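In: Build the 3D model from these lines:
(2 chains)
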Amino acid sequence: MIVAAMQIFSHRRNATKRLFLGAALWVLAVGLLLPTATAFAQAVAADTSGVKIDGTYGFGLPPDVSEHGWQIDRLINILHVFMAILFVGWGIFLVRCLVLYRKKPGHAASYELLKAKPAKYAEIVVMVFEVIVLVGFSMPVWASVKNDLPKDSENPFKVRVIAEQFAWNFHYPGPDGVFGRSAPQFVNGADNPAGIDRSDQAGKDDLVAGELHFPVGEPIICELTSKDVIHSFFLPVMRIKQDTIPGMRIPVWFKAKQSGNYEVACAQLCGNNHYKMKALMVIEPRAKFDEWLKKKSEIIEFKED
Amino acid sequence: MSGESHHGSSGHHGNESHHELGFLRKWVFSIDHKVIGIQYTITSLCFLFLGFCLMMLMRWQLAYPLKPLPFIGHWFSEQIMPGGIMLPEFYNSLGAMHGTIMVFLGVVPLLVGGFGNYVMPLQIGAPDMSFPKLNMMSYWVYFCGGVVMLASFFMPGGAANSGWTSYAPLSVISQQGPTFYAKFFSGQTFWLMGMVFLITSSLLGSVNFIVTIIQLRAKGMTMFRLPFFVWSQFVTAFLLLLAFPPLEAAGVLQLMDRLAGTSFFMPSGLIVSGQAAPYTGGGSPLLWQHLFWFLAHPEVYVLILPGLGIVAEVIANNTRKPLWGYRIMIYAIVFLGFMSFIVWAHHMFMTGMGTKISAFFAATTMIISIPSVVVLTAMLLSLHRSSIRFSVPMLFALAFLPMFAIGGLTGLPLGLPASDIHLHDTYYVIGHFHYVVVPGSIFAIFAGIYHWYPKATGRKLNEVLGKMHFWLSVIFANGVFFPMFFQGMAGVSRRLYDQTAYAHGEAIQSLARMSSWSAWCLGLAQLPFILNFFMSMFAGKKVKENPWDATTLEWAAPSPPPHGNFLTEPVVYRGPYEYSVPGNPRDFYPQFVTEA
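Out: Coordinates of the predicted model:
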């Protein structure tokens, strides 16, 4: 394109034209370079809402603390390398044509069409590549993240995630490890956001938190649902995203490989305060997690007394 | 004068058979395809500009969250921008209306209603469309749809604010009032009614296009002598005809949910802000998504196919060489049209899809990328051993190629379910489809305007202003959309009022500022075009019927063509792109010339 640009400017014929083009170039330079410069001047980690969020965030993918995430990152990287190769290949051909075949005296276009064997091969390469990434790289990850939930023998830890405008509720089974009955009619504001039936024996010790805590290195199953509209449960550092849809309960699972404080985001427009619908995700060693769970259940018992 | 006079097979209209029409019948309620085409073009260009203004407003909030908008902030009411600071509900309205206006009131009516209406009958050698009155009705129904959409800004609670996709249940519960009156006069209700108008208009148009292309081709104009642009309109018309009815039905169903208390899209047991919502339940929010995307994926191809058509015309004309693989390109877009009906659920990978279904839709998505690559490759190969004339339309067409390639290629990680887990609903998606639509469709639109303006007005657009417009646009369009890929990779969700609410967003807030500044500059870059568009009507260089030395039929008619288009009935002798034919004294061999 740059060559083409120089091309065109070399054909300018009079002073007015030159003036216009000069002015245009200046506007370009100032308009584009300034913002670019400011953009690259700052890329720093941040802390939100008083709690230090771990990890360094910048222009690339966010940190990955999940066990499966590397497969997704690898796929994204492979795709971008492939895209870059294809784009540069096309680009070279394009620029070459623009330079070589510009209109000039004594040069006419050829009526004969290019015998494009290389183009046919490129086409086949694209097809083969797409089959390989789909079958070899995409489907296995998808199947393991979204379909093949850990079996009970692996002792997965279960949390129910109940989304509402504009908060996340995390429903834990409590010390007995069994979820109590829950239904919409039991929902009662902030006292019982998950609609737990407290008369149910298993539900007596259930607890609901506004933060997602779970132990590191263990398989976690989140069962997602929503009380009102569609939200999307997005854990950027866990490479997990799943819509939460009212009337459906959808499980996802993951395993964290390192502890820390991270964010839960909502990825689906859910109303005015969609942008503020986030929660803290605390990944911690089993002992610390048990301690947190115990402290939380004591608060519940205290309330019931 | 009656519409029937156009159906005659003669195609010849002597001027003596027409009496002079009054201003109203000639320019407002016209049944001439050219006037309707110009009406569509002007109206949709205004909507494009409006949609762009909405976006420039949003870009302030995105670049400088919660800071008062300078200079013009106090023009807005305190209810939507108290102290010049945009409220989230206003931001969401702007977002929803930007998408709706750009897609349904801007780009599609411009490409199909504007270019299709004006150019297609000329290119096939027809005196007019098959059903001129239906054509007029199509424009006026579209116009009503536009008025309804604009009226929604003045409803209590503002315009629709649930995104251009209007996902239920959010779209059903938002802006709801206690009385029928309040429910009816709300932005979302008006959005749905506006959509019903717009869809009806497109359906009327598509029937007309299909019949015209099949029935009214000039003598000798076989299907494989049709210019590629006509083929692209032909496939587009089928997409509109088959894809829009489900959304029309869905729109009516959602209106029922909002106004009549039905629950087509509302599941049981909804609790909204702590209160049980007054819906009987039993419906499915996913049903809306299926119906919506069953339209909206073919709609994506409606946005791009006529654009490809324009670019093909401009490239063939300015390379002075036949298009590479004319037939292959036609087969490719027909195949693309078929496939576009079975890829819709790739917009819904995150709704809890199993491996088998997601594999099916990922596979169809990969398959549909092949014909797109074929068309793009064919256009690139057309440049080989050509003689490129760097006219303004050609510059836009050339910029289209790599930019559309970026748009297409970035669809790959979104079409594969695994990488989509991270990228779904992030800025990556926005970057992807804006690369397809802005330096894709809209650049094609500009190429088309610069290319056919002499035909419509008898005057050329100014070259210097055109080149300024081009260079500024191409650079700033990239400045707007390229940073979005980084934002998306970093995990910034789309439709966020303030991305600095998240750690990963705050770290790259500078990218949002870069996009915003580029967007405002892109706005300024359109000034030369607007100036050029109006000034050249009076001051542009006068041209004869064929200023570009082109080969297709529209250049056989005078510029501007009279009512009935051609002075003598055109006859077609050869294919559409016979440039630089060996042994021919001139480097173009028009379809309508008997011999060189």
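In: Below-threshold pLDDT in chain B: ranges please.
Out: For chain B, applying pLDDT under 70 flags the ranges B:1-19, B:596.
In: ok, 50 please
Out: For chain B, the stretches with pLDDT under 50 are B:1-17.
In: Pick out the residue of it closest to chain A.
Out: Distances between chain B and chain A by CB to the nearest CB are smallest at B:P267, namely 2.7 Å. Heads up, the C-betas are built off the backbone N, CA and C, glycines and all.
In: and that residue, that's in a strand?
Out: No: when classified by DSSP: H, G, I helix; E, B strand; the rest coil, B:P267 is found to be coil rather than part of a strand.
In: Now do the contacts for the nearest residue to it once chain neighbours are set aside.
Out: Nearest non-adjacent residue to B:P267, counting by CB to CB, 6 or more residues apart in numbering or on different chains: A:G247, 2.7 Å away. By CB atoms under 8 Å, 6 or more residues apart in numbering or on different chains, A:G247 lies in contact with B:267-269, B:281, B:284-285.
In: who wins for most neighbours among the residues you listed?
Out: Greatest neighbour count in these, by other CB atoms under 10 Å in any protein chain shown, goes to B:P285: 26 neighbours.
In: center of chain A - which residue?
Out: Centroid-nearest residue in chain A: A:P236, 4.9 Å away (criterion: CA atoms, centre = their mean).
In: Next secondary structure after the helix or strand hosting B:L305?
Out: Applying DSSP states H and E as the criterion places B:L305 in helix B:285-319. Going down the chain from helix B:285-319, the next helix or strand is helix B:326-339, by DSSP H and E.
In: And that next one, what does it pack against?
Out: helix B:228-259, helix B:285-319, helix B:355-381 (3 or more CB pairs under 8 Å, 6 or more residues apart in numbering or on different chains; DSSP states H and E).
In: Tell me what angle the first one forms with helix B:285-319.
Out: Regarding helix B:228-259 and helix B:285-319, their directions subtend 160 degrees when assessed with axes from the mean of the first three to the mean of the last three CA atoms, to 10 degrees.
In: Packing partners of the helix or strand harbouring B:N208?
Out: Using DSSP H and E, B:N208 maps to helix B:187-215. The contact analysis (3+ CB pairs under 8 Å, 6+ apart) places helix B:187-215 against helix B:88-100, helix B:117-124, helix B:132-151, helix B:228-259.
In: Spit out the contact partners of A:C97.
Out: B:380, B:383-384, B:386, B:388.
In: I'd like those residues laid out as TSV, including neighbour count and secondary structure.
Out: Output for the contacts of A:C97, formatted as TSV (neighbours: other CB atoms under 10 Å in any protein chain shown; DSSP: H, G, I helix; E, B strand; the rest coil):
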residue	neighbour count	secondary structure
B:L380	22	helix
B:L383	24	coil
B:H384	21	coil
B:S386	28	coil
B:I388	24	strand
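In: Turn the residues you listed into TSV, including distance to chain A.
Out: Converted to TSV, the contacts of A:C97 look like this (distance: CB to the nearest CB, whole Å):
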residue	distance to chain A
B:L380	6
B:L383	4
B:H384	4
B:S386	5
B:I388	5
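In: Which single one of those residues is nearest to B:P439?
Out: Of all the contacts of A:C97, B:L380 has the smallest distance to B:P439: 15.9 Å, by CB to CB.
In: just checking, that closest one touches A:G89?
Out: No: checked against CB atoms under 8 Å, the pair B:L380 and A:G89 is beyond contact range at 10.1 Å.
In: Determine the longest helix present in chain A.
Out: helix A:69-100 (DSSP state H).
In: chain center to that helix: distance?
Out: Distance of helix A:69-100 from its chain centroid, counting by CA atoms, centre = their mean, to the nearest Å, is 22 Å.
In: Also stretch B:147-166?
Out: On CA atoms, centre = their mean, the centre of stretch B:147-166 falls 20 Å from that of its chain.
In: ok and the residue in the stretch 201-305 of chain A nearest chain B?
Out: Taking CB to the nearest CB, chain B has its nearest neighbour within the stretch 201-305 of chain A at A:G247, 2.7 Å off.
In: can I assume that residue sits in a strand?
Out: No: assessed by three-state DSSP, A:G247 does not belong to a strand; its assignment is coil.
In: Get me the contact residues on the stretch 201-350 of chain B for chain A.
Out: Where the stretch 201-350 of chain B comes near chain A, counting by CB under 8 Å from any CB of the partner chain, the residues are B:267-274, B:276-277, B:281, B:284-286, B:319-322, B:324-325, B:350.
In: could you redo the last one with a cut-off of 7 Å?
Out: Residues of the stretch 201-350 of chain B lying close to chain A by CB under 7 Å from any CB of the partner chain are B:267-274, B:276, B:285-286, B:319-322, B:324, B:350.
In: Quick check on those residues: which are buried?
Out: If you count burial by 16 or more other CB atoms under 10 Å in any protein chain shown, the buried members of those come out as B:267, B:269-272, B:285-286, B:319-322, B:324, B:350.
In: Cheers, nothing more for now.
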